[in-house]
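1. need a structure here:
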Amino acid sequence: WKTKKQDTVSMSSAEAEYRAMAYTLKELKWLKELLRSFGVGHDQPMKLYCDSTAALHIAANPVFHERTKHVESDCHFVRDAVQNNLITTEHITTEEQPADILTKALPSTSFT
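-> Numbering: from 1, shown residues only. Down below sits the predicted model:
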């Protein structure tokens, strides 16, 4: 979708990915409402892809753990959206993630 420098410092790569999921969810909710204003309804859960299994586990697990206590509560609406069936999260590999070309030092063969 896009690459953007985060405004806050994350304590781990999992938190950074989880924050990116939160930002993307905000965009998805806005887009869903925009489509609804045009008369295009969509009642199915939206799919949110992520290449971080750790971030996906944070989103899927309703229990707060010692390792995730530093994640700010404003990001946990991703977890709420999963529990309320607003979104489904799915793992995507680096090869399937075109945004990684802008964020990782990968060989050009990964994106041909």
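2. For Ser37, see how far away Asn84 is.
-> Distance from Asn84 to Ser37, counting by Cβ to Cβ, to the nearest Å: 22 Å. C-beta here means a position set from N, CA and C on the backbone, and glycine is covered the same way.
3. moving C-terminal of the longest helix seen in the chain, what's the next helix or strand?
-> Taking DSSP state H as the criterion, the chain has its longest helix at helix 13-37. Using DSSP states H and E, the next helix or strand after helix 13-37 towards the C-terminus is strand 46-50.
4. Name the residues of the helix or strand just after that following strand that come out as buried.
-> Downstream of strand 46-50, the first helix or strand assigned by DSSP H and E is helix 53-60. Residues 54-56, 58-59 are the ones in helix 53-60 that count as buried (16 or more other Cβ atoms under 10 Å).
5. tell me the average confidence for helix 53-60?
-> Helix 53-60 shows a mean pLDDT of 87 in the predicted model.
6. by contact count, what packs against the next helix or strand after that helix?
-> Using DSSP H and E, the helix or strand that follows helix 53-60 in sequence is helix 77-83. Using 3 or more Cβ pairs under 8 Å, 6 or more residues apart in numbering; DSSP states H and E as the contact definition, the elements that helix 77-83 packs against are helix 13-37, helix 53-60, strand 87-91.
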